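Novice: sequence? don't have it. structure:
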């Protein structure tokens, strides 16, 4: 509690309340990748600094995190960082290549490569810059929005560590699951342990909600997910909540977002994550049926809907809110913003959520 | 009927019967992309010939189509070709770039670019080489397996024509759906008309089953699918079946395979496709519930399961067949073979299907 008292009083706790399943006056709203290249002020800063320098410099990360909040009446800020800071902290080199995204020049190729990873103990020290960025941002936010911290889910991180870059099939990483089941579990456990430390550190530093991105759920399917994803997602949620309690911090709501994981929603509802994010391929009514009445749902407008004209966006949001209902709901896109999107169209999205969800 | 009489009598019509919903002694089995780079004899031929030369030379296309049949007791041969022959026939240039796959150097960028496309009337003439390859292959098959023809679904083809290459988000093509709804429908109609002619031509030439690949269903979602995919898939099935009947040919069973289209199965079951293919993320029991008792299901082992050892493949196939049951079922992978797979592992897959599905 002493940790909490050093931060500004919450002026707008709409997202935090909704994530806890409490009543709110209107649906809280934010957008995945709301701090990013579609904003001219982001591109301006990015032109001067390397991507990972921006992640690693708390003042820059804070500035970028707040940029969308300065434009739109969003209910959450998500700390500017990258899910690949975990493999970085485990000793893997990551390069951000223009037009290609993040690349590992030396991906894991065989089980023996696991011995090259750094011990997990160092992770929290190495990622102190994220904690510093969170603390600074929480103060700068002045209680006007909920601060979200995040990490990648273990399978999603493992897939990157093996593929070395984006992949349409993730066939190398999936090859590990089928060929090297034991080594895969060892790797997933290493990433899980690092992630638990990392998320607990984020909670201590001022994050108020934690989102775990299972961005590569689409490559698994029911059986692989149950063996290689679900147990680690469970461990993360259980352990983070337990350790946060031991530290005397307030319980921290957690969101799990399984991109392409339509088949996993029922399984995920058995875990303690308060919020389940869904992508745009999942019908909200079907999601509600699968996760039951008590979970909070987050999503799910097709990000590409922001390419439409403002009237169409307004209509699409109205439709989305009718489908989700106003309770136990956090409005968002079904995936992140793209660099070529018009910021004004995100403004329309946010306004429409607030207009149609007001009680 | 005169067309049919010129072909060898069917010695093995297991797949054809199953596709019609008739009883069979064991589940028919084939594998998407069963003719391809994982076979050394394919790579040998490919080293001497350009990819599209192989598609365009009936004797080569026939040889490659039969290669997997010479190794494995498969119940179907699928003609060696590419879904991009349709945009080619519409006047677009396609290059096959090593390691990158097919690329359109001048993709469609704006609605006005539609005027550059060739008239649909020419398509059947331009694709005569596919028909010749089918006729030759049907004869060479000597009735030992069912010959499958195929095409891409209109949205899948449209997405390639706009993106110009593979894309993780298909955001340019989806941008068209949201920004240029009318032009998108015009383009989809052009592709649909070309595809109908093309598939009817395939039936005339000797194809016995036709599969329509909606490989990019995963990018749509329920609403976009209903507006931009379903009506064209319906038109194709209805028109092909009507024209085949008018030509006095036997009714040709059709398969629709919506990759990533878990959300579309119920809608697709309302069309006349006899068979619905599912990818490995869809639980067979859920698929059956969604499509109802009369449709035939095809699928769906995770292709990456072929990376596992032979015992594990055997177990996975047993499990798959228990889930699908033996009736109204065609065994397949949930997507295509990958180039680094061991042909012997496909052999194990085929043997296991036959072992566990035998009545």
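Specialist: Received the coordinates, thanks. Nothing here was measured: the structure is a model prediction, and the numbers come from that model.

Novice: per-residue confidence for residue A:211?
Specialist: Per-residue pLDDT puts residue A:211 at 98.

Novice: okay, now it: neighbour count?
Specialist: Neighbouring residues of residue A:211 were enumerated by other Cβ atoms under 10 Å in any protein chain shown; the total is 23. C-beta coordinates here come from the backbone N, C-alpha and C atoms, glycine included.

Novice: Regarding it, what is its secondary structure?
Specialist: For residue A:211, the secondary structure call by DSSP: H, G, I helix; E, B strand; the rest coil comes out as strand.

Novice: hang on, residue A:77 packs against residue A:148?
Specialist: Yes - look at residue A:77 against residue A:148 with Cβ atoms under 8 Å: they come within range, at 6.9 Å.

Novice: what residues are shared contacts of these two?
Specialist: With contacts taken as Cβ atoms under 8 Å, 6 or more residues apart in numbering or on different chains, residue A:77 and residue A:148 have residue A:30 as neighbours in common.

Novice: of these two, who's got more company?
Specialist: Neighbours were counted for residue A:77 and for residue A:148 using other Cβ under 10 Å; residue A:77 has more, 26 against 23.

Novice: Pull up the gap between residue A:80 and residue B:228, please.
Specialist: When Cβ to Cβ, to the nearest Å is applied, the distance between residue A:80 and residue B:228 equals 35 Å.

Novice: likewise residue A:136?
Specialist: Distance, residue A:136 to residue B:228, using Cβ to Cβ: 45 Å.

Novice: repeat for residue A:223
Specialist: When distances are taken as Cβ to Cβ, residue A:223 and residue B:228 turn out to be 32 Å apart.

Novice: can you check residue A:128 too?
Specialist: As it turns out, when the distance is counted by Cβ to Cβ, residue A:128 lies 48 Å from residue B:228.

Novice: which one of the two has more residues nearby?
Specialist: Neighbours per residue, other Cβ under 10 Å: of residue A:128 and residue B:228, the larger number sits with residue B:228, 21 against 13.

Novice: if I read this right, the more buried one contacts residue B:176, doesn't it?
Specialist: No - using Cβ under 8 Å, residue B:228 is not in contact with residue B:176, being 9.4 Å away.

Novice: Need the residues touching each of these two.
Specialist: residue B:184.

Novice: got a pLDDT number for the residue of chain A most remote from its centre?
Specialist: Relative to the C-alpha centroid of chain A, counting by Cα atoms, centre = their mean, residue A:112 is the outermost residue, at 30.3 Å. According to the predicted model, the pLDDT of residue A:112 comes to 98.

Novice: what stretches of chain A score poorly on pLDDT?
Specialist: A:1-3 (pLDDT under 70).

Novice: residues in it within reach of chain B, list them.
Specialist: Taking Cβ under 8 Å from any Cβ of the partner chain as the criterion, the neighbours of chain B within chain A are A:166, A:168-169, A:171, A:174-175, A:177-179, A:218, A:220-224, A:260, A:262-263, A:280-283, A:286, A:302-305, A:307-309, A:312, A:334, A:338, A:340.

Novice: Buried by neighbour count, from those residues: which ones?
Specialist: Among the residues of chain A next to chain B, those scoring as buried are A:171, A:174-175, A:177-179, A:218, A:220-222, A:224, A:260, A:262-263, A:280-283, A:286, A:302-305, A:307-308, A:312, A:334, A:338 (criterion: 16 or more other Cβ atoms under 10 Å in any protein chain shown).

Novice: Out of those residues, list just those in helices.
Specialist: For these, membership in helices holds for A:171, A:174-175, A:177-179, A:222, A:224, A:286, A:312, with DSSP state H as the criterion.

Novice: For residue B:94, state which of those residues is nearest.
Specialist: Sorting those by how near they are to residue B:94, with Cβ to Cβ, puts residue A:171 at the top with 24.0 Å.

Novice: Excluding sequence neighbours, find me the nearest residue to residue A:182.
Specialist: Setting aside the residues directly before and after it, residue A:182 is nearest to residue A:111 in space (Cβ to Cβ, 6 or more residues apart in numbering or on different chains), at 7.8 Å.

Novice: these two touch, right, the one you found and residue A:180?
Specialist: Yes - here residue A:111 reaches residue A:180: they are 5.0 Å apart, a contact under Cβ under 8 Å.

Novice: Please list all residues in contact with the residue farthest from the centre of chain A.
Specialist: Shown in contact with residue A:112 (Cβ under 8 Å, 6+ apart): no residues.

Novice: same question, the one 5 residues further on
Specialist: Under the criterion of Cβ under 8 Å, 6+ apart, the contact list for residue A:117 reads A:90-92, A:190.

Novice: hey, which helix is longest across chain A?
Specialist: With DSSP H as the criterion, chain A gives helix A:181-205 as its longest helix.

Novice: Next, the angle from it to helix A:171-179.
Specialist: On the basis of axes from the mean of the first three to the mean of the last three Cα atoms, to 10 degrees, helix A:181-205 is oriented at 120 degrees to helix A:171-179.

Novice: Would you mark the buried spots in helix A:181-205?
Specialist: Neighbour-count burial for helix A:181-205, with 16+ other Cβ under 10 Å as criterion, is recorded at A:183-185, A:187-188, A:190-205.

Novice: Work out the gap between it and the centre of the chain.
Specialist: 15 Å (Cα atoms, centre = their mean, to the nearest Å).

Novice: isn't residue A:141 right next to residue A:70, touching?
Specialist: No - here residue A:141 does not reach residue A:70: they are 11.1 Å apart, not a contact under Cβ under 8 Å.

Novice: If you count surrounding residues, which of the two has more?
Specialist: In terms of neighbours (other Cβ under 10 Å), residue A:141 is the more surrounded of residue A:141 and residue A:70; the figures are 24 against 10.
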